[in-house]
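Enquirer: show me the folded form of this:
(one chain, ligands or ions: 2)
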Amino acid sequence: MLHPGDYIKDIFQKPVGAEVTARGWVKTIRHSKGISFIQLNDGSGFTDLQVVVDHQTASEEALKEISTGACISVTGELVESPAQGQAVELKGNSIEVHGLADAATYKLQKKGATMEFLREIAHLRPRSNTFGAVFRVRNAASYAIHKFFQERGFAWVHTPIITASDAEGAGAMFGVTTLDLMNPPKTQEGGIDWAEDFFGKRSFLTVSGQLEGEIFAEAMSNIYTFGPTFRAENSNTPRHLAEFWMVEPEMAFCDLDDDRRVAEEFLKYIITHVMDTRMDDLEFFNKRIDDTVLSTLETVVNSDFGHITYTEAVDILEKANKSWEFPVKWGVDLQSEHERYITEEVFKKPVVVTDYPKEIKAFYMRMNDDGKTVRAMDVLVPRIGEIIGGSQREERHAVLVEKIKAMGLPLEAYWWYLELRKYGSVPHAGFGLGLERMIMYLTGMKNIRDVIPFPRTPGSAEF
Ligand code: 4AD
Ligand code: MG
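Expert: Ligands and ions are numbered 1, 2, ... in the order given. Below is the predicted model:
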């Protein structure tokens, strides 16, 4: 049987008098005269089920063995609760202990643990209030992502994790090899002979599924990828991971304006779905993590995103009269402090910035007629900065060849990507949403390490 008891979330929907079996992990247990109170949670929802067991049903000695972290099943009757803040509680008639938890050494004790400490016990933290809520929201957002695209006729394409091409042309890739690093085969010139490696050429973990996504958009019209991506950039910030999940739609017959509209509708859809299905968790975040979470999400759903060009953004930043850590002038990449100023202080809502200088963006973005800027877009949101990066792609073969050369990238590596521009090329566009940045936005969590089950960052790959 899939779940031989009842999920605790469903137990709360049952009428008083119902006979139920609740299963889960003990949050707390306390004993008073003749009776013990257990807070039980199975991860199905935010609210713990209060279980009341009288010492006639189970001996006090047996109950005292049960402590925080133990796994138990309780069968009994749902009764009205005299306690505040809960309508019903479970009057236990029998208890089965699946696994005790040694109270002296169990690391997830009730309160006051820091986020840093909880990261060190990533095998236990999903049982805490905060992380249970984070991972339910993450699940709901992931479901919303599939639902959004499936409802609109997009096909989910599974692009490869191991690849020989650098999709962003930025060189921030993890190598994949089975060569003996102490004694690698050498070429005549003395370098490593990658032809001898597992794949017969140098291979990496993908930074993005976009290029392969484009192949499928030029066959199935509208597609999306959704999977793990990897970046070997050594940025130890609260917004960067070495392994993160990215959603990348790719749309044929689509320009940057369409792309921008899809991105806006998409973000609003995810937020609406999570608000409809996980209000219990969102209320917790609003109360305990960041009291602007709910008002921010409501504002986003009900307002139109702003839109400015990069050139306009630079103009705003130059006139801002602020002492930036990274000085601004036309041509520089926008840093987090600039992005956040624009979205948090100027617009006070999400903003899409488009048409960036070609030098600071990837090789595949479509060149504008000015010869200086490309059809790029970044969606910036308060608290996070960049949450989405996307563009209209260069669909003109000759222009793309020049672009790849100008950026010093190897033409041969992109042979198949270039062929798409020779056979049935079409204007197309897409974007990438970093799932973890979205979860930070939804929950108010301040560090990206706390919205992914097992964070991978420089110097850390435990679990
Ligand atoms: O802006 P990026 O690098 O764009 C791409 O990879 C394109 N191929 C997307 C496309 O057009 N199909 O990354 C997209 C998003 C960013 O806006 C950010 O939300 C997230 O991915 N992201 C990261 N999230 C966590 N850790 C990192 N190191 C990230 N790098 C990018
Ligand atoms: Mg980007």
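Enquirer: can I get the helix or strand encompassing residue 270 in PDB, CA atoms only?
Expert: For residue 270, the host element (DSSP states H and E) is helix 256-277. Taking C-alpha atoms only, helix 256-277 is exported to PDB below (Å, rounded to 0.1, in the frame of the first residue of the first chain):
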ATOM      1  CA  LEU A 256      12.000  39.300 -27.500                       C
ATOM      2  CA  ASP A 257       8.700  41.000 -26.800                       C
ATOM      3  CA  ASP A 258       6.800  37.700 -26.800                       C
ATOM      4  CA  ASP A 259       9.600  36.200 -24.700                       C
ATOM      5  CA  ARG A 260       9.200  39.000 -22.100                       C
ATOM      6  CA  ARG A 261       5.500  38.500 -21.900                       C
ATOM      7  CA  VAL A 262       5.800  34.800 -21.400                       C
ATOM      8  CA  ALA A 263       8.300  35.300 -18.600                       C
ATOM      9  CA  GLU A 264       6.000  37.700 -16.800                       C
ATOM     10  CA  GLU A 265       3.000  35.400 -17.200                       C
ATOM     11  CA  PHE A 266       5.100  32.500 -16.100                       C
ATOM     12  CA  LEU A 267       6.300  34.100 -12.900                       C
ATOM     13  CA  LYS A 268       2.800  35.200 -12.000                       C
ATOM     14  CA  TYR A 269       1.500  31.700 -12.600                       C
ATOM     15  CA  ILE A 270       4.000  30.100 -10.300                       C
ATOM     16  CA  ILE A 271       3.300  32.600  -7.600                       C
ATOM     17  CA  THR A 272      -0.500  32.200  -7.900                       C
ATOM     18  CA  HIS A 273      -0.200  28.400  -7.800                       C
ATOM     19  CA  VAL A 274       2.000  28.400  -4.700                       C
ATOM     20  CA  MET A 275      -0.300  30.900  -3.000                       C
ATOM     21  CA  ASP A 276      -3.300  28.700  -3.900                       C
ATOM     22  CA  THR A 277      -1.800  25.500  -2.600                       C
END
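Enquirer: check which helices and strands the helix or strand that it is followed by sits against.
Expert: Counting by DSSP H and E, the element after helix 256-277 in chain order, helix or strand, is helix 279-288. If you count contacts as 3 or more CB pairs under 8 Å, 6 or more residues apart in numbering; DSSP states H and E, helix 279-288 packs onto helix 129-151, helix 293-302, helix 435-443. (Each C-beta comes from the backbone N, C-alpha and C, glycine too.)
Enquirer: so which bits of helix 279-288 are buried?
Expert: Using 16 or more other CB atoms under 10 Å as the test for burial, helix 279-288 gives 281, 282, 284, 285, 286.
Enquirer: what's the distance between the third one and ligand 1?
Expert: I take that to be residue 284. 24 Å (CB to the nearest ligand atom, to the nearest Å).
Enquirer: then the fourth one?
Expert: With distances defined as CB to the nearest ligand atom, the gap from residue 285 to ligand 1 amounts to 20 Å.
Enquirer: over to residue 442?
Expert: Residue 442 is 13 Å from ligand 1, by CB to the nearest ligand atom.
Enquirer: can you check residue 428 too?
Expert: Residue 428 is 11 Å from ligand 1, by CB to the nearest ligand atom.
Enquirer: for residue 411, same thing?
Expert: Applying CB to the nearest ligand atom, the value for residue 411 to ligand 1 is 20 Å.
Enquirer: that residue - nearest residue in space that isn't next to it in sequence?
Expert: residue 404 (5.7 Å; CB to CB, 6 or more residues apart in numbering).
Enquirer: can you give me the pLDDT of that neighbour?
Expert: The score at residue 404 is 95. That number is its pLDDT.
Enquirer: what residues are up against it?
Expert: Residue 404 makes contacts with 363, 411, 414, 418, as judged by CB atoms under 8 Å, 6 or more residues apart in numbering.
Enquirer: is it true that the first one touches residue 405?
Expert: The reference is to residue 363. No: the pair residue 363 and residue 405 fails to qualify as a contact (CB atoms under 8 Å) at a distance of 9.5 Å.
Enquirer: these two: who's more crowded?
Expert: A count of neighbours by other CB atoms under 10 Å puts residue 363 above the other of residue 363 and residue 405, at 22 against 12.
Enquirer: roughly how far apart are that one and residue 418?
Expert: Residue 363 sits 11 Å away from residue 418, taking CB to CB, to the nearest Å as the criterion.
Enquirer: show me whatever sits in contact with both of these two.
Expert: Common neighbours of residue 363 and residue 418 (CB under 8 Å, 6+ apart) are 400, 404.
Enquirer: chain neighbours aside, what residue packs nearest to the residue of the chain positioned farthest from its centre?
Expert: Distance from the C-alpha centroid of the chain peaks at residue 56, with 48.1 Å (CA atoms, centre = their mean). In this structure, residue 56 finds its nearest non-sequential neighbour in residue 34, 7.9 Å apart by CB to CB, 6+ apart.
Enquirer: distance of residue 447 from ligand 1?
Expert: Using CB to the nearest ligand atom, residue 447 is found at 12 Å from ligand 1.
Enquirer: for that residue, report the pLDDT, please.
Expert: Confidence at residue 447, expressed as pLDDT, is 97.
Enquirer: for residue 206, which of the helices and strands packed on helix 279-288 is the nearest?
Expert: With CB to CB as the measure, helix 435-443 is the member of the helices and strands packed on helix 279-288 nearest residue 206 (15.2 Å).
Enquirer: just the buried ones from the contacts of residue 404?
Expert: Listed as buried from the contacts of residue 404 are 363, 414; burial here means 16+ other CB under 10 Å.
Enquirer: I'd like to know which of the contacts of residue 404 are part of strands.
Expert: Using DSSP state E, no member of the contacts of residue 404 falls in strands.
Enquirer: just put the contacts of residue 404 in CSV and tack on pLDDT.
Expert: Formatted as CSV, the contacts of residue 404 follow (pLDDT from 0 to 100):
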residue, pLDDT
363, 96
411, 93
414, 93
418, 97
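Enquirer: what is the neighbour count of whichever residue of the stretch 251-400 of the chain sits closest to ligand 1?
Expert: Residue of the stretch 251-400 of the chain nearest ligand 1, by CB to the nearest ligand atom: residue 389 (2.4 Å). Neighbours of residue 389 under the rule other CB under 10 Å: 20.
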